[in-house]
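Trainee: Need the 3D shape of this:
(4 chains)
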Number of protein chains: 2
Amino acid sequence: MTVDLELAPKTKRPAGEPCCEPVVYPDIQRAQAERMAEVAKALGDPVRMQLVDVLRKHAGKVCVCELVPLFDLSQPTVSHHLKRLRDAGIVGSERRGLWAYYYVEPEALEELSAWLI
Amino acid sequence: MTVDLELAPKTKRPAGEPCCEPVVYPDIQRAQAERMAEVAKALGDPVRMQLVDVLRKHAGKVCVCELVPLFDLSQPTVSHHLKRLRDAGIVGSERRGLWAYYYVEPEALEELSAWLI
DNA sequence: GTTCCAGATCGACAGTCATCGATCTACATA
DNA sequence: TATGTAGATCGATGACTGTCGATCTGGAAC
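Mentor: The predicted model follows:
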């Protein structure tokens, strides 16, 4: 439903009558918006956005020991951000011996990107 | 620079030598990632994501009095979210008499969407 | 076994944010 | 003028989050 400015709320209106037609917003769209907000929230930190960017620009999987020196942050902090990205389904991880490798799971980013268009 | 897992850190390495080649990450990309994080952060709330969704689905501009009843939230809270979206450049607003109309500024969303692909 | 190391988790702290009621600001009408 | 109304702003509060040092986990090498 589009809003016609010519039918915009009148200054004087009968008591009890709403000033405008209520906007309809189906639950299905609401649920989808909430999922997209979850992904956006995970991306809504400069460090995490840079982590995703670095991981994207690498074809394969990147060792955590390469990621930590990129930031002026402690290792637990970087680990915390990686966990948040993983919880949102944006990245995946794989352990090999002592090392952990992270990689982008493209689906979540593609979903959000498509949603924004 | 891609990471070659065959060249991944060796378990035994000379003391003082880093475990892997440092990843290069130019400042320009860092700055862009920070801007994208700003937009994503503004979208990283279910209420704000739904507000953007509703505004997008309306061709014209939507009166605030239509937006407030969509949520189980007070009018100041909805106003607060609209302000956050405006500060991030995602929506614009226009006053007409007593009423305020909001609309999507597509550039920020398009920029983020393009970045994610 | 012991020792060492990469990375994850824990606990605490400070800063930010979502939310609200109350108030303020414009504007319209009488 | 005074009154009423839509929306923005203020102040307070509780919840969440980014950050750190300290600790834990589990492989690897000895």
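Trainee: ok, stretch A:31-46 near DNA strand C or not?
Mentor: No. Against DNA strand C, stretch A:31-46 shows no contacts by Cβ under 7 Å from any atom of the strand, the least distance being 8.7 Å. For every residue, glycine as well, the C-beta is placed using N, CA and C.
Trainee: do that stretch and chain B meet?
Mentor: Yes. Judged by Cβ under 8 Å from any Cβ of the partner chain, stretch A:31-46 comes into contact with chain B through A:Ala33, A:Glu34, A:Met36, A:Ala37, A:Glu38, A:Ala40, A:Lys41, A:Ala42, A:Leu43, A:Gly44, A:Asp45, A:Pro46.
Trainee: Chain A against DNA strand C: which residues are in contact?
Mentor: With Cβ under 7 Å from any atom of the strand as the criterion, chain A meets DNA strand C at residues A:11-12, A:63-65, A:68, A:75-76, A:79-80, A:82-83, A:93, A:98-100.
Trainee: Which among those count as buried?
Mentor: Neighbour-count burial within the residues of chain A next to DNA strand C applies to A:Cys63, A:Val64, A:Cys65, A:Val68, A:Leu82, A:Trp99, A:Ala100; the criterion is 16 or more other Cβ atoms under 10 Å in any protein chain shown.
Trainee: Tell me where the model's unsure across chain A.
Mentor: Applying pLDDT under 70 to chain A flags residues A:1-21.
Trainee: for DNA strand D, what are the nearby residues on it?
Mentor: Residues of chain A found near DNA strand D (Cβ under 7 Å from any atom of the strand) are A:9, A:15, A:19, A:41, A:44-45, A:47, A:72-77, A:80-81, A:84, A:95, A:97-98.
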